[in-house]
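> Sequence and predicted structure, then a few things I'm wondering about:
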Amino acid sequence: MLLSIGIGNTFAQSSLERLGKRIVKRAGEQVEQRIEQKAEGGVDNAMNKAEGAIISSGKETIENKDDSSAQEQVESDSKDVQQQKQTAIQSFSQYDFVPGDKVLFFEDFSQDAIGDFPALWTTNGSGEVKTLNIAEGKWLHLNVEEKIYQLMKDLVLPDNFIVEYDVIVPRGDINGGGIWFTLYKAEESNNGTIESSIRSKGVSLYSDFESGWLSIVYNDGGYIEGSSEIGKIKANTVEHIIIWIQKRRLRVYHAGLKVLDLPTQVPVGLKPDRLAFDISDNNGALPFISNIRITTASPDTRNKLLEEGKLVSYGIYFDINSDKIKPESHGTLNDIAKIIKEANVKIQIVGHTDNSGNADTNLELSKRRAASVKTELSKLGVSADLLSTDGAGASKPIAPNDSPSNKALNRRVEFIKL
């Protein structure tokens, strides 16, 4: 049921069949539960609830029907939410990755027109850049099943790097389907055109909307497979996926969990230079993607901070136009906190932005972000007396603000030894 372009191999078919069987099994269990509930006079709102999407003038509106219990649920959860605010960063303790000090690629479709197919990509189907009512920025809608969406920019990737992207699934009743992400080695003969069978040339991750996660690779005529059923993708919300490749080791993070950790998943000698997404058998759950970022990983934080006297960090994540730090920042903050405490050195934290928007607003935002970093480091045991903060806004760029990738370089936090 999970037909994929270019797979055609026994191993891939068996992998997908196993996922399919899990989905069928769960569907059967849900039906049985529903029958029992109706027999007892209950009402199964979740099974009957309809959720969908309305497309109008290039803007995607995710529309949810009212749930009579929604307000009660919000009220009952409010106390828990307040209690969790102080420990949000620490709760992502499994996020042990630390993005490096170099942004290798960034794509948020900001330079593409609404309704167009993005300039740096190609497909054998169709797609559109759109805006959404539930998320900031622009998003590529993968709106045709069983098609490939392939980046046409050559990538130069080290042995140790991190890939991140956001995905939104525009439906509430997730019942099968998913999205493939593949890093692969492009063939020179196909340079500039769509490439089929991309999974035979690299390592693939399948985010199944119901059953969890699957990674498969070809290897010397056979295959390597790993899977898990934790941290599943939810509908109608921004889901942030993080992939850390460290030589042969593949780690995948989502929803505060390390959902996969496969020590020998990447084939020896694989040097991927392209990435692609594709979907299949999604029953109308046609996802949106954006904010694709590739960075180096595991920087020499101690040497940068203590010997060179300056650490540039891209591993501290903020909500858009906000000083609220995202839980994905745990690994970076914990790494920096340990070094400051051990060395007992004074550090100035400086926030930087790109040049989008008002200069005064950016300056104020950068100062507030630096102050938020100080607060989180203090929670991790760093004495406030060792930390001072400042913000430079967009006044000290390290790259021209002329492309999404360069703007991503300028959005950073610097730690300066005093």
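Yes, it's here. Residues are numbered from 1 along each chain as shown.
> who's in contact with residue 142?
Contacts were defined as C-beta atoms under 8 Å, 6 or more residues apart in numbering; by that measure residue 142 touches 127, 149, 179, 277-279, 286-289. C-beta coordinates here come from the backbone N, C-alpha and C atoms, glycine included.
> Report the lowest-confidence entry in those residues.
Within the set of the contacts of residue 142, pLDDT is lowest for residue 279 (86).
> Which ones among the contacts of residue 142 map onto strands?
Mapping the contacts of residue 142 onto strands (DSSP state E) picks out 149, 179, 277-279, 288-289.
> in this structure, which spans are helices?
Using DSSP state H, the helices assigned to the chain run over residues 10-39, 45-48, 70-85, 301-302, 330-343, 359-379, 404-410.
> Which helix or strand in this structure has the lowest average pLDDT?
helix 45-48 (a mean of 35; mean pLDDT, DSSP states H and E).
> Who's the closest spatial neighbour of residue 154, skipping the chain neighbours?
residue 273 (5.4 Å; C-beta to C-beta, 6 or more residues apart in numbering).
> so how far is residue 156 from the one you found?
For residue 273, the distance to residue 156 (C-beta to C-beta, to the nearest Å) stands at 7 Å.
> and if you look at residue 149?
Counting by C-beta to C-beta, the gap from residue 149 to residue 156 is 21 Å.
> Settle it for me: which of the two has more neighbours?
The neighbour comparison of residue 149 against residue 156 (other C-beta atoms under 10 Å) goes to residue 149, with 26 against 8.
> list the contacts for that one?
Shown in contact with residue 149 (C-beta under 8 Å, 6+ apart): 121, 123, 125, 127, 140, 142, 276-278, 289.
> What's the local residue count around the residue nearest to it when sequence neighbours are not counted?
Closest residue to residue 149 apart from its sequence neighbours, by C-beta to C-beta, 6+ apart: residue 277 at 4.6 Å. Neighbours of residue 277 under the rule other C-beta under 10 Å: 23.
> List the contacts of residue 277.
By C-beta under 8 Å, 6+ apart, the neighbours of residue 277 are 142, 148-149, 179-182, 289.
> Could you single out the nearest of these to residue 323?
Using C-beta to C-beta, residue 289 comes nearest to residue 323 of these, at 26.3 Å.
> what's around the closest one, how many residues?
21.
> ok, what's across the strand from it?
For residue 289, the beta-bridge partners under DSSP bridges are residue 140, residue 167.
> so it sits right up against residue 167, yeah?
Yes - taking C-beta atoms under 8 Å as the definition, residue 289 is a contact partner of residue 167 at 5.4 Å.
> Now for these two: what residues contact both?
residue 179.
> Now do the buried residues in stretch 400-412.
404-412 (16 or more other C-beta atoms under 10 Å).
> can those residues go into JSON lines with extra columns for pLDDT and distance to residue 336?
Compiled in JSON lines, the buried residues of stretch 400-412 are given as follows (pLDDT from 0 to 100; distance: C-beta to C-beta, whole Å):
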{"residue": "404", "pLDDT": "92", "distance to residue 336": "26"}
{"residue": "405", "pLDDT": "90", "distance to residue 336": "25"}
{"residue": "406", "pLDDT": "93", "distance to residue 336": "25"}
{"residue": "407", "pLDDT": "94", "distance to residue 336": "24"}
{"residue": "408", "pLDDT": "94", "distance to residue 336": "20"}
{"residue": "409", "pLDDT": "95", "distance to residue 336": "20"}
{"residue": "410", "pLDDT": "96", "distance to residue 336": "20"}
{"residue": "411", "pLDDT": "96", "distance to residue 336": "18"}
{"residue": "412", "pLDDT": "96", "distance to residue 336": "14"}
